[in-house]
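> turn this into a structure:
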Amino acid sequence: DTDFTPQLLKIQAANPDAILVTSYLKEIAIILRQSYELGLKAPRLATASVTTTIEKIVPKEALDNLIAVTPLKDVEDGPTFASFRQALKDAAPDLAAQPGMPDYLVIMGYYNVSIFAEGLKRAGRDLTREKFITALESINNFDTGALAGKVSFSKTDHDGLRSLGYYRYTLDKASGTLGRK
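Numbering: from 1, shown residues only. Sure, this is the predicted structure:
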C-alpha cells in the first residue's frame, strides 16, 4: 500500500503508548512519514530493516522518537562495520560504491550465508539433508563477523541468534540534528 492514513487515523484516535511498525523498508518509510504528518506523538517501534537506510529516505523530523530493534552489534561508525565495509569493497567494489551500501539486507545476507557455509563445511563432502541439519545443530557461539551477535543451535533449538539491540532516534529541535543512540 502507499497510503496508511486510514489505519494511522484509527491508531491516533486510540491514543496509543507506542506504535509497532513491522513491514518492509518502503512501507515503514511511508508509515513513519505519514504518522509524522498526522502528528502522532507516540514512540514508534520498528523492525531491523530500518537500521542502515531509513535516514536517507525519511525526513529527519519523522524519525524523532523512533526505536529500531536490530540484531546488529555495531553501527556505521563502529570498528566492525568499518571492517565489513572494507571487505565488501574488496569483494564487490561495484556494489560497495552504491549509495547507502552496505545496507541492512547486504549485511544480513552475508550473515546468513556465513552460517549456511559453516554448516556445509561441517557437513562434509557427501552432503545429505540430515548431515546438513546435524552440522548446523553443532554450531555453538559461531561468530559470522557480519556485525550480528554469535549464533548457536542445538537439536531442540533452531533459533540461533539470541541478542538484539536497538537504536533510538532523537531530534534536537534547536539545532535540527538527528541523533541515534
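> okay, now the sheet partners of the longest strand belonging to the chain, with direction.
Identified as the longest strand of the chain according to DSSP state E is strand 165-172. Applying DSSP bridges, strand 165-172 is found paired with strand 66-70 (antiparallel), strand 177-180 (antiparallel).
> where among those strands is average confidence lowest?
Among these, strand 177-180 carries the lowest mean pLDDT, a mean of 72.
> pull the residues that contact it.
Identification of contacts with strand 177-180 by CB atoms under 8 Å, 6 or more residues apart in numbering yields Glu55, Lys60, Leu63, Asp64, Val75, Tyr167, Arg168, Tyr169, Thr170, Leu171, Asp172. The way it works is simple: take the backbone N, C-alpha and C, and place the C-beta from them, glycine included.
> in the protein, which residue is most central in space?
With distances taken as CA atoms, centre = their mean, Ala48 lies nearest the centre of the chain, 2.8 Å away.
> these two touch, right, that residue and Asp103?
No - between Ala48 and Asp103 there is no contact under CB atoms under 8 Å: 11.4 Å.
> which is the succeeding secondary structure element to the helix or strand that contains Tyr111?
Secondary-structure assignment from DSSP states H and E places Tyr111 in helix 104-123. Counting by DSSP H and E, the element after helix 104-123 in chain order, helix or strand, is helix 129-137.
> quick one: buried residues of that next one?
Lys131, Phe132, Ala135, Leu136, Glu137 (16 or more other CB atoms under 10 Å).
> do the same with stretch 118-129
Glu118, Gly119, Arg122, Ala123.
> next one: it to chain centre, how far?
29 Å (CA atoms, centre = their mean, to the nearest Å).
> let's have the buried residues of helix 129-137 in a markdown table, adding pLDDT and distance to Asp157.
Output for these, formatted as a markdown table (pLDDT from 0 to 100; distance: CB to CB, whole Å):
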| residue | pLDDT | distance to Asp157 |
| --- | --- | --- |
| Lys131 | 97 | 19 |
| Phe132 | 97 | 17 |
| Ala135 | 97 | 15 |
| Leu136 | 96 | 11 |
| Glu137 | 96 | 9 |
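> show me which residues of the helix or strand of the chain with the lowest mean pLDDT are buried.
Lowest by mean pLDDT, DSSP states H and E among the helices and strands of the chain is strand 177-180, with a mean of 72. Applying a neighbour-count criterion of 16+ other CB under 10 Å, one finds Leu178 buried in strand 177-180.
> no further questions, thank you.
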